[in-house]
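Trainee: A structural model of the following input is requested.
(one chain, ligands or ions: 1)
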Amino acid sequence: MPILFDAERRVFKLDAKGFTYAMMVYRENYLVHLYAGAPIPDTDLSYLMYRGWFDSLSPLNPQVEDPNFSVDIQPLEYPAGGAGDFRISALSVRGKAGDAVTDIRYVSHKIYQGKPALPGLPATFDREGAAQTLEVETLDAVTGVKATLLYTVFEDYPVIARSARVENTGDSPVNLERVYSACLDLPTMGWDMVHLYGRWAKENTTVRHPLQHGIQAIHSKRGMTGPNHSPFLALADHTATEETGEALGMSLLYSGNFAFDVEVDTRGCPRVLWGINPEEFRWRLEPGEAFQTPEAVLVYSANGLGGMSRTFHHFYLDHLCRSQWAKKKRPLLINSWEAAYFDFDDDKLVEFAKEAKALGIEMLVMDDGWFGNRCDDHRALGDWWVNEEKLKGGLSSLIQRVNDLGVQFGIWYEPEMINPDSDLYRAHPDWAIGVQGREHSLSRHQCVLDMTRQDVRDNIFQQMADVISQNNIAYIKWDCNRHISEAASAQLPPERQGEFFHRYVLGVYDLMDRITTAFPHILLENCSSGGGRFDPGMLYYSPQIWASDCTDPIERLSIQFGASLCYPIASLGAHVSASPRAGLETKGRVALCGTFGYELDPRKLTEEEREMVKAQVADYHKYYDLIHYGDFYRITSPTEDPFLCDWAFVSPDKTEMLFTRVVMRRPPNVYQPLRLPGLDPEKFYTDEDTGKVYSGALLQHGGLDLSSYGRNELSDGDSLVKHFVAR
Ligand code: GLA
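Mentor: From the prediction side, this is the model:
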């Protein structure tokens with residue numbers, strides 16, 4: 001049984017594969033956290049709740065009759081604010097008396113097979129009975145607020161998924177002011193915080209620094225995830241490397257305002273909270289109403305950050321991406337954006353398709369510019385009707401011409417946006433998010449549609465469905481190119497405006513759900529000015545997300561390496577473009593560490609380049625399974641090493657490895673042997689290129705022979721690959 005309740009000790013022990021998590025119900029029904037880490041068989045764990053000295057300034061509950069117990073210092077499962085715990089709190093409810101004191105205590109629990117869906121929200125799911133769920137019901141006796149804590153244990157992964165459902169069982173309305181998805185109280189601060197920061201065209205840069213006393217946090221309040229931080233945080237023990245040491249990975253299935261807060265208290269005990277950002281959040285619960293938080297995912301790794309990432313990769317492909325494309329071979333595409341921007345017509349697109357077909361490319365994606373009066377980025381968002389001046393003969397005729405060449409067809413949308421210069425805005429100015437009496441800020445000349453409104457979502461759904469249902473569309477790129485300012489909805493009453501941001505996200509999920517349910521055959525790729533909404537909430541709907549508007553292969557290294565900390569390689573949208581730095585060969589190798597595709601004018605390729613593209617297309621097919629379903633190893637990090645970036649894919653049965661090196665800048669030293677992780681030490685591997693045979697043990701401990709690459713052979717921007725196959 002992965003979830004066990006020791007009734008005598010009142011201890012819950014949750015055993016995922018390679019990961020034990022424990023909590024207990026203590027006196028006066030406090031729900032106390034005990035343990036999260038490597039597997040342990042015991043349930044006699046109550047001593048783990050005493051973490052250091054008792055502080056005489058900490059409030060005591062006299063009923064507990066334990067002089068060493070205070071909610072101010074004990075590790076708690078889901079800490080609430082105002083009743084003696086002065087650390088950051090997961091839950092804060094303002095009741096009818098006007099105070100925000102919240103004090104939840106254990107009431108009951110249930111354990112059942114499977115995993116519940118979360119209403120209106122993306123969530124991980126069970127496959128073939130591999131999950132068991134614990135629901136712990138707690139109650140604040142004064143406000144009547146019930147908080148049910150959900151824990152799902154996955155038997156095939158070191159993963160626990162968590163969330164909270166808060167219900168008003170009292171007789172008066174209450175306001176939720178903080179309602180995080182999960183809390184983790186740890187016993188020591190011997191951890192480094194690893195997270196991802198960025199900006200447009202430089203997303204997902206990895207940073208690592210030791211925890212400090214006090215509060216450290218990563219947040220978004222942009223209405224969307226944003227490129228500034230990813231809703232992901234890892235704690236790695238100070239000595240942890242890519243392949244050794246302990247790491248705890250925390251991820252949030254949410255695409256709006258998020259917060260990861262870490263407070264290290266005076267005793268050096270960290271508390272981690274992750275969930276909806278409480279800033280600019282308030283949710284009114286009428287009697288009988290309930291609120292469901294987004295899902296938080298917690299991963300434990302005893303094999304460093306690499307082990308943590310591999311768990312996320314496989315787990316998210318298996319238990320989060322619900323698209324039928326998650327594990328189906330995806331078509332190799334070429335996108336029109338960097339090739340043509342807004343300057344295309346039907347004939348040009350057909351020419352692209354013809355050239356692409358000759359190269360072995362399987363799908364043409366028509367990016368921005370096909371609808372309304374969209375001749376540039378100043379206008380027409382919201383007018384999702386086909387511009388027949390550009391696409392003469394209409395969309396069906398264009399798609400037919402492309403399909404006749406044996407090429408599939410994909411299309412671009414930005415469903416959440418509206419330009420003031422659009423028919424939609426002229427008809428419905430109040431559909432743009434804004435505050436009465438204040439001017440709209442514009443970003444890329446556009447406003448955001450009020451997705452909290454059913455009528456707005458219905459309109460956009462209908463416009464999209466009209467086009468999609470009448471045309472042979474195999475793929476959609478769903479873009480989202482601005483963040484939300486002047487946040488308010490014309491439809492919400494003043495006391496509910498604090499709900500706006502979360503309702504927006506729920507509205508986007510609803511629309512995405514409707515589109516993917518109505519057209520399940522469509523491969524959906526998310527995008528937000530590149531990787532500005534690269535999060536697991538989006539992965540639920542779309543198995544791939546465009547990783548960055550930066551297609552420079554050297555810059556892409558840190559972007560893709562960073563994203564790989566939490567997100568599957570099979571989800572990283574990566575294309576070969578005409579960017580000036582590095583050659584086509586290296587561009588192809590970097591894009592192969594992602595979904596792979598093209599973003600250039602195929603008519604402009606030289607004969608030599610065309611041959612290289614054909615070889616790349618062959619590699620895409622040859623290595624598809626290895627890259628999409630294999631284990632990914634980060635070997636030399638582009639953010640830590642000034643010269644080199646190395647990575648490898650290993651097949652699950654360890655019979656095959658694809659190793660890639662990119663020389664960002666030629667190193668001054670000669671090419672030293674490089675140790676390769678992940679292989680079977682007992683197997684013998686042949687370098688497909690040279691015929692040289694190595695044992696897995698030699699490659700792991702002695703390293704790969706790179707001496708044949710002379711000092712001048714690999715220069716700035718060059719790369720090499722090695723394919724090893726076990727004999
Ligand atoms: C965003 C996307 C690009 C492209 C443009 C079109 O910037 O990230 O890939 O689709 O929009 O306007």
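Trainee: ranges for the helices of the stretch 201-350 of the chain?
Mentor: Under the criterion DSSP state H, counting those that start in this stretch, the stretch 201-350 of the chain carries helices at the ranges 304-319, 337-340, 346-359.
Trainee: please report how far Val435 lies from the ligand.
Mentor: Val435 sits 27 Å away from the ligand, going by CB to the nearest ligand atom, to the nearest Å. In this view, the C-beta of every residue, glycine as well, is placed from N, C-alpha and C.
Trainee: please read the previous query as pertaining to Phe69.
Mentor: Phe69 sits 53 Å away from the ligand, going by CB to the nearest ligand atom.
Trainee: can you tell me how far that residue is from Glu128?
Mentor: 42 Å (CB to CB, to the nearest Å).
Trainee: comparing these two, which residue is more hemmed in?
Mentor: Ranked by neighbour count (other CB atoms under 10 Å), Phe69 and Glu128 place Phe69 first, with 21 against 6.
Trainee: please see if stretch 482-492 touches the ligand.
Mentor: No - using CB under 6 Å from any ligand atom, stretch 482-492 stays clear of the ligand, coming no nearer than 10.4 Å.
Trainee: the residue of the stretch 351-500 of the chain found nearest the ligand sits in which helix or strand?
Mentor: With CB to the nearest ligand atom, the shortest gap between the stretch 351-500 of the chain and the ligand falls at Asp368, namely 3.4 Å. Following DSSP states H and E, one finds Asp368 outside all helices and strands.
Trainee: and what of Thr152?
Mentor: Following DSSP H and E, one finds Thr152 within strand 145-154.
Trainee: biggest helix in this structure, by residue count?
Mentor: Scanning the chain for the longest helix, with DSSP state H as the assignment, gives helix 500-518.
Trainee: tell me the residues on the protein that lie near the ligand, please.
Mentor: Counting by CB under 6 Å from any ligand atom, the residues of the chain close to the ligand are Trp337, Asp367, Asp368, Asp377, Trp412, Asp479, Asn481, Cys527, Ser529, Gly530, Trp546, Asp549.
Trainee: skipping adjacent residues, who's closest to the first one in space?
Mentor: Same thing as Trp337. Counting by CB to CB, 6 or more residues apart in numbering, Trp337 lies nearest to Asp367, which is 3.9 Å off, once chain neighbours are set aside.
Trainee: what's the local residue count around the one you found?
Mentor: Residues within reach of Asp367, counting by other CB under 10 Å, total 21.
Trainee: run through the stretch 351-500 of the chain and note the low-pLDDT ranges.
Mentor: Judged against pLDDT under 70, the stretch 351-500 of the chain has no low-scoring part.
Trainee: what ranges do the helices span in it?
Mentor: Using DSSP H, counting those that start in this stretch, the helices assigned to the stretch 351-500 of the chain run over residues 394-404, 423-427, 454-469, 500-518.
Trainee: the last one - contacts with which helices or strands?
Mentor: Judged by 3 or more CB pairs under 8 Å, 6 or more residues apart in numbering; DSSP states H and E, the packing partners of helix 500-518 are helix 454-469, strand 523-526, helix 536-541.
Trainee: thought Gly537 was touching Ser251, still the case?
Mentor: No - using CB atoms under 8 Å, Ser251 is not in contact with Gly537; the gap is 10.0 Å.
Trainee: centroid residue for this protein?
Mentor: Centroid-nearest residue in the chain: Asp535, 2.6 Å away (criterion: CA atoms, centre = their mean).
Trainee: which ones are touching that one?
Mentor: If a contact means CB atoms under 8 Å, 6 or more residues apart in numbering, then Asp535 has Thr225, Ser230, Pro231, Leu252, Leu253, Tyr254, Ser255 as its contacts.
Trainee: which residues touch the fourth one?
Mentor: This points to Leu252. So Leu252 contacts 181, 231-232, 258, 260, 274-275, 294-297, 535-537 (CB under 8 Å, 6+ apart).
Trainee: if we can go back for a sec, include mean neighbour count when you put the helices of the stretch 201-350 of the chain into a markdown table, please.
Mentor: As requested, those are exported to a markdown table (neighbours: other CB atoms under 10 Å):
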| stretch | mean neighbour count |
| --- | --- |
| helix 304-319 | 23 |
| helix 337-340 | 20 |
| helix 346-359 | 19 |
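Trainee: of all these, which one is nearest Leu720?
Mentor: Minimum separation from Leu720 across the helices of the stretch 201-350 of the chain (CB to CB) falls at helix 304-319, 21.5 Å.
Trainee: from the contact counts, what lies against that closest one?
Mentor: Packed next to helix 304-319, using 3+ CB pairs under 8 Å, 6+ apart, are strand 159-168, strand 232-237, strand 247-253, strand 295-301, strand 631-636.
Trainee: great, nothing more from me.
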